[in-house]
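Trainee: predicted model and sequence below, questions to follow.
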Amino acid sequence: MAIGFLRRPRQDLSLHHSIGKAAFVLLLIHPVMLALRWLLENSNKALWYIFPVHRRLEVNFGSWALWGLVLLMLITLFIKLPYDKWKITHKLTGVFFLLSVLHIFLLDDFIAQNRAHTFYLALLSGLALLAILYSTIFFGWMVKMVYHILVFCYLFHQSQPSIYPQVTIM
């Protein structure tokens, strides 16, 4: 997707959908596998991994992020929205992504156990946050800025006399 200009937009959209589906399935597997570990011993504790009813805020962040994404997926799949309204729901995924990043990095035991994994997730999270900021906040501003720079360069170039002699071909 990074070199989307070399391909057709429909291929990019198809790749975007495939990556999104795979990521969503993996996100669903995470709390289910954690819950299965406690299912036989303590079924109440198993439900804690699925619903945001924890005493630990960092675990609740993960549950809120998961349920927010589930809600957005249900809205996207079952309610036909106009494109401008759907785009707002799509941008809300950034809010739930931020909750998931808080979930990851506020878990003290996770960060202390594996520094390499923490660095890897920090790098991916940082790149994703930059992409979210660019697409939601800075894109419109940067398009306007580049447009003004191009107009300025064009007008400046038009107002300057050429240092090269004009040659006319007969």
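Mentor: Great, that's in hand.
Trainee: determine the longest helix present in the chain.
Mentor: Ranked by residue count under DSSP state H, the longest helix found in the chain is helix 9-39.
Trainee: can I get the CA coordinates of the helix or strand that that one is followed by in CSV?
Mentor: Downstream of helix 9-39, the first helix or strand assigned by DSSP states H and E is helix 43-48. Taking Å, rounded to 0.1, in the frame of the first residue of the first chain, the C-alpha atoms of helix 43-48 are listed here in CSV:
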residue,chain,number,x,y,z
SER,A,43,-15.4,-18.7,34.8
ASN,A,44,-15.9,-15.2,36.4
LYS,A,45,-12.3,-14.4,35.7
ALA,A,46,-12.7,-15.7,32.1
LEU,A,47,-15.4,-13.1,31.6
TRP,A,48,-13.1,-10.4,32.9
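Trainee: what about the helices in this protein?
Mentor: Under DSSP H, the chain gives helices at 9-39, 43-48, 57-78, 83-91, 93-105, 108-113, 115-133, 139-159.
Trainee: I'd like these as JSON lines, with mean pLDDT and mean neighbour count appended.
Mentor: The C-beta positions use only the backbone N, C-alpha and C, and glycine is treated the same way. As requested, the helices of the chain are exported to JSON lines (pLDDT from 0 to 100; neighbours: other CB atoms under 10 Å):
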{"stretch": "helix 9-39", "mean pLDDT": "82", "mean neighbour count": "12"}
{"stretch": "helix 43-48", "mean pLDDT": "75", "mean neighbour count": "14"}
{"stretch": "helix 57-78", "mean pLDDT": "89", "mean neighbour count": "16"}
{"stretch": "helix 83-91", "mean pLDDT": "85", "mean neighbour count": "11"}
{"stretch": "helix 93-105", "mean pLDDT": "90", "mean neighbour count": "18"}
{"stretch": "helix 108-113", "mean pLDDT": "74", "mean neighbour count": "11"}
{"stretch": "helix 115-133", "mean pLDDT": "88", "mean neighbour count": "12"}
{"stretch": "helix 139-159", "mean pLDDT": "75", "mean neighbour count": "10"}
